[in-house]
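**Q** output the structure for:
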Amino acid sequence: MLGSTKVKYRKNAQGFYNRHFDGKIPTASQILYVFHQITEQYTAKSFTNLKLYLAFDLRERGYHDIANAVSQYVNVDAKFGNCHKPMKKVKTLRKEDINKITNNVKSNAENAPSKKALLNRKQLIAAVWLAKEFGCRPAEMPNIIRTGPTSFFITGVKKDEFGERGLDRHLNVNSQKNADILDECIGYLKGAKMSRIQDRFRFAMGKLFPNRKKLPTLYVFRHIMGSNLKSSQYSNVEKAYILGHQAVR
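**A** Below you'll find the model as predicted:
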């Protein structure tokens, strides 16, 4: 391997550590958890390159078991057409589609065959409701805190290439009744593995929209929130704050 290639691999691996782990070397389970969160953002080729960077760097540092776990991880999103070009994301939904999704997750919970299935389906409902109301990232949902009758605190989680974490924000909802529903949703997601909930949502969307090439993910509600904010009277600073962005760009 060329020296310049090694430098590139080390630099890209360190960027990954900075973005997700404050520059520290993570465990295998921590890396795989992040992989679950981010795979849909990658093409099959770019995700393979990411694994190469990390495995090379980890082996150089002497973490051979972690490197092997990284190399063996399979990008499950590749089977959704994410093979040779970036996966096209659904960034908007018609009102009837949103109603169809919410009605579907509610009806599935009513027909749950077991307590475990009921919990899984209520977690899915909770994630949809929080995504619709706050436009927050799925990874932020388990740590949302209710701070008042209609107010909530969201801890930002996404990190940029410099390792800077997304913005923490205080948001209000329009009524205490709505706040009570959202508070119940937060309770269902405490300690939940959001990657699994996202997988269940994608599976449900595949069954709900079997003839569509592009399936909505939980992020679609964040995109809808962003679109609604663009056409609102809020300032750019306020729009960025609501979405948890450090910069108005």
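**Q** and the pLDDT for the residue nearest to the spatial centre of the chain?
**A** In the chain, the centroid-proximal residue (CA atoms, centre = their mean) is Pro138; its distance is 4.2 Å. At Pro138, the model reports a pLDDT of 93.
**Q** that one and Arg196 touch, don't they?
**A** No - Pro138 is beyond contact range of Arg196, at 10.6 Å (criterion: CB atoms under 8 Å). To be clear about C-beta, it is placed using only N, CA and C from the backbone, and glycine gets the same treatment.
**Q** which residues does the residue nearest to the centre of the chain contact?
**A** By CB atoms under 8 Å, 6 or more residues apart in numbering, the contact set of Pro138 is Gln37, Ala127, Ala131, Met194, Ile197, Gln198, Leu218, Tyr219.
**Q** for Tyr42, give me the pLDDT.
**A** 74.
**Q** against Thr48, how distant is it?
**A** From Tyr42 across to Thr48, the span is 9 Å (CB to CB, to the nearest Å).
**Q** which one of these two has more residues nearby?
**A** For the pair Tyr42 and Thr48, the greater number of neighbours falls to Tyr42 (19 against 13), based on other CB atoms under 10 Å.
**Q** how about the strands in this structure?
**A** 145-146, 151-154, 169-172 (DSSP state E).
**Q** so which of these is the most surrounded?
**A** strand 151-154 (a mean of 18; mean count of other CB atoms under 10 Å).
**Q** give me the sheet partners of it and which way each runs.
**A** strand 145-146 (antiparallel), strand 169-172 (antiparallel) (DSSP bridges).
**Q** any idea which of those strands gets closest to Asp180?
**A** strand 145-146 (9.2 Å; CB to CB).
**Q** residues touching that closest one, excluding its own?
**A** By CB under 8 Å, 6+ apart, strand 145-146 touches Phe152, Phe153, Ala179, Leu182, Asp183, Ile186.
**Q** same thing with stretch 221-233?
**A** Residues contacting stretch 221-233 (CB under 8 Å, 6+ apart): 89-93, 128, 131-132, 134-137, 239, 242-243.
**Q** how close does Tyr42 sit to Leu54?
**A** Tyr42 is 13 Å from Leu54, by CB to CB.
**Q** helix or strand with the lowest mean pLDDT in this protein?
**A** helix 28-38 (a mean of 85; mean pLDDT, DSSP states H and E).
**Q** buried sites along it?
**A** Within helix 28-38, the residues scored as buried using 16 or more other CB atoms under 10 Å are Ala28, Ile31, Leu32, Tyr33, Val34, Phe35, His36, Gln37, Ile38.
**Q** return the distance of it from the chain's centre.
**A** 12 Å (CA atoms, centre = their mean, to the nearest Å).
**Q** enumerate every residue touching the nearest residue to Met205 once chain neighbours are set aside.
**A** Spatial nearest neighbour of Met205, excluding adjacent residues (CB to CB, 6 or more residues apart in numbering): Leu215 at 4.4 Å. Neighbour list for Leu215: Phe80, Val90, Arg202, Met205, Gly206, Phe209 [criterion: CB under 8 Å, 6+ apart].
**Q** hmm, the second one is touching Lys213, no?
**A** Pointing back at Val90 there. No - between Val90 and Lys213 there is no contact under CB under 8 Å: 10.1 Å.
**Q** give me the more crowded residue out of the two.
**A** Between Val90 and Lys213, Val90 has the larger neighbour count (other CB under 10 Å), namely 17 against 8.
**Q** tell me the pLDDT of the more buried one.
**A** At Val90, pLDDT is 84.
**Q** cool, Arg249 as well?
**A** 73.
**Q** any idea how far it is from Val237?
**A** Counting by CB to CB - Arg249 and Val237 are separated by 12 Å.
**Q** between the two, which one's more packed in?
**A** A side-by-side neighbour count of Arg249 and Val237, using other CB under 10 Å, places Val237 first with 11 against 6.
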